[in-house]
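Engineer: Mind looking at a prediction? Sequence and model below.
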There are 2 protein chains.
Amino acid sequence: MSVKKIPDIIIGRLPVYLRALQRMSDMGLKTTSSQELGEHVGISAAQIRKDISQFGEFGKQGTGYSIQFLLDKLREILKVDRIWDVVVVGAGDIGHALANYQGFQDRGFHITAIFDNDKEKVGRQIGSFTVEDTEVMGERIKAAGVKIAMLTVPAPAAQEVADVLVQAGVRAILNYAPISLNVPGNVKVQYIDPSTHLQRMTYYL
Amino acid sequence: MSVKKIPDIIIGRLPVYLRALQRMSDMGLKTTSSQELGEHVGISAAQIRKDISQFGEFGKQGTGYSIQFLLDKLREILKVDRIWDVVVVGAGDIGHALANYQGFQDRGFHITAIFDNDKEKVGRQIGSFTVEDTEVMGERIKAAGVKIAMLTVPAPAAQEVADVLVQAGVRAILNYAPISLNVPGNVKVQYIDPSTHLQRMTYYL
């Protein structure tokens, strides 16, 4: 595989291709074309061919792509050909929803713990998890070598929690708190804030 | 205001600026600089100046930006200087979390109804909402002129529901179902899929 620097915008599209290909595979399809994949994901065939060609020659002119081969390659590129342990911080509504969500395992992720600083919530059961105290979060993450966290605490608490996570070795944070986080350059953050996503669309209404 | 076409990537950053500025305003600050705003949102001062200058001359050399003026302008540009009615489809965990979420009102949104096709859930209370049957969804949306929906149904049902929403006049869909939607060109879709967001980060781990 090439080691050249791939633009982040391309990396951002790969999980979408992976999801669509998994769906095609679940439907029993064996091969696809950039045209067909493009119709599934709403991206042009030319763009898809260009994106995928960044990583090598995966398709054959005229016969298209083997779905299984492309699935394997994309999983390898995105490093989800393994299962990553993930912790959830915040046992509110979103924390509950994530703890109960069945859609992580076959996408490369496994929630191992859920933390909250509210003594009322600590010890409670959420699905198969017992809510743990954020006081032990840092050491638990460090001991287990967890690299990924989902942050669902209120905005005013988010930066402080993020600092603890980073200190403990977390390198990827999915942040549901509606606030931008300051983290070192070697830590990735992705944001999920429904209001921000909605405001991005109202511009066009 | 200029009517030139603004790149979507810039539009995507404006809600992030708006959120940070609102936070500064809540903290009692009156003015800011592109440098300071940049530190809050993790974007370079030069990029911020460039983005904002697309819409006019909002800052003064040396004195920076009036936070209130910039808030007003960004709200006007993003059309959240008003309150948009929003419907939620799907009364599962995410639907619950959204219905109970207090963070919409001061960002320009107001949930007016929540729908589900499960007869067991129809009629149940979620916060201040009574779950309504998706059978009446289209006519209710049409009658109320609702333009925005949040879609939290399972992936296999999502396209069919999206078709009904678009048919009823919805022009912006925040899609929590882990599947790409096919919609007409005049309909915007934003995606929230935690696995996709996580996979975008594992590449870098």
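Structural biologist: Right, received. Where do you want to start?

Engineer: check contacts around A:Gln125.
Structural biologist: A:Val131 (Cβ atoms under 8 Å, 6 or more residues apart in numbering or on different chains). Glycine gets a C-beta too; all of them are placed from N, C-alpha and C.

Engineer: Which residue ranges of chain A form helices?
Structural biologist: With helices called from DSSP state H, chain A shows them at A:8-26, A:34-41, A:45-53, A:67-77, A:93-100, A:137-144, A:155-167, A:194-202.

Engineer: Can I get those in JSON lines including distance to A:Asp118 and mean neighbour count?
Structural biologist: Converted to JSON lines, the helices of chain A look like this (distance: least, Cβ to Cβ, whole Å; neighbours: other Cβ atoms under 10 Å in any protein chain shown):
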{"stretch": "helix A:8-26", "distance to A:Asp118": "33", "mean neighbour count": "18"}
{"stretch": "helix A:34-41", "distance to A:Asp118": "40", "mean neighbour count": "18"}
{"stretch": "helix A:45-53", "distance to A:Asp118": "44", "mean neighbour count": "16"}
{"stretch": "helix A:67-77", "distance to A:Asp118": "37", "mean neighbour count": "18"}
{"stretch": "helix A:93-100", "distance to A:Asp118": "11", "mean neighbour count": "21"}
{"stretch": "helix A:137-144", "distance to A:Asp118": "13", "mean neighbour count": "16"}
{"stretch": "helix A:155-167", "distance to A:Asp118": "11", "mean neighbour count": "17"}
{"stretch": "helix A:194-202", "distance to A:Asp118": "23", "mean neighbour count": "22"}
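
Engineer: Save those as a markdown table, and put in distance to B:Leu205 too.
Structural biologist: Shown next, in a markdown table, are the helices of chain A (distance: least, Cβ to Cβ, whole Å):
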| stretch | distance to B:Leu205 |
| --- | --- |
| helix A:8-26 | 12 |
| helix A:34-41 | 24 |
| helix A:45-53 | 20 |
| helix A:67-77 | 12 |
| helix A:93-100 | 19 |
| helix A:137-144 | 14 |
| helix A:155-167 | 14 |
| helix A:194-202 | 25 |
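
Engineer: Out of these, flag the one nearest A:Arg107.
Structural biologist: helix A:8-26 (7.9 Å; Cβ to Cβ).

Engineer: The closest one and chain B, are they touching?
Structural biologist: Yes: shown here: helix A:8-26 in contact with chain B (Cβ under 8 Å from any Cβ of the partner chain) through A:11-12, A:14-16, A:18-20, A:23.

Engineer: Select the longest strand from chain A.
Structural biologist: Criterion DSSP state E: the longest strand present in chain A is strand A:109-116.

Engineer: List the buried residues in that one.
Structural biologist: A:109, A:111-116 (16 or more other Cβ atoms under 10 Å in any protein chain shown).

Engineer: Please tell me the pLDDT value assigned to the residue nearest the centre of chain A.
Structural biologist: Geometric centre of chain A, nearest residue: A:Leu174, 7.1 Å, by Cα atoms, centre = their mean. At A:Leu174, the pLDDT value in this model is 98.

Engineer: try A:Ile83
Structural biologist: Per-residue confidence (pLDDT) for A:Ile83: 97.

Engineer: what's the spacing between it and A:Phe109?
Structural biologist: 7 Å (Cβ to Cβ, to the nearest Å).

Engineer: same check, this time on A:Lys73
Structural biologist: According to Cβ to Cβ, A:Lys73 and A:Phe109 sit 19 Å apart.

Engineer: Kindly report the same for A:Ser128.
Structural biologist: Note on A:Ser128: its distance to A:Phe109, by Cβ to Cβ, is 15 Å.

Engineer: Same check on A:Lys5?
Structural biologist: The gap separating A:Lys5 from A:Phe109 is 26 Å, by Cβ to Cβ.

Engineer: ok, now A:Glu36?
Structural biologist: Relative to A:Phe109, and taking Cβ to Cβ, A:Glu36 is found at 28 Å.

Engineer: from memory A:Phe58 sits against A:Leu74, does it?
Structural biologist: No: no contact is recorded between A:Phe58 and A:Leu74 when judged using Cβ atoms under 8 Å, the distance being 9.1 Å.

Engineer: got a list of what A:Leu98 touches?
Structural biologist: Listed by Cβ under 8 Å, 6+ apart, the contact set of A:Leu98 reads A:88, A:111, A:150, A:152, B:194.

Engineer: Please give the centre-to-centre distance between the longest strand of chain A and its chain.
Structural biologist: 14 Å (Cα atoms, centre = their mean, to the nearest Å).

Engineer: What of stretch A:26-40?
Structural biologist: Counting by Cα atoms, centre = their mean, stretch A:26-40 comes out at 23 Å from the chain centroid.

Engineer: what does that stretch contact?
Structural biologist: A:17, A:20-21, A:23-24, A:44-49, A:52, A:59, A:63-68, A:70, B:180, B:182.

Engineer: what do you get for stretch A:107-115?
Structural biologist: A:19, A:75, A:78-91, A:95, A:98-99, A:104, A:126, A:129, A:131-134, A:136-137, A:140, A:144, A:146, A:148, B:195, B:198-199, B:202.

Engineer: per the record, what domains does chain A have?
Structural biologist: Using automatic domain parsing, the domains assigned to chain A come out as A:8-77, A:84-197.
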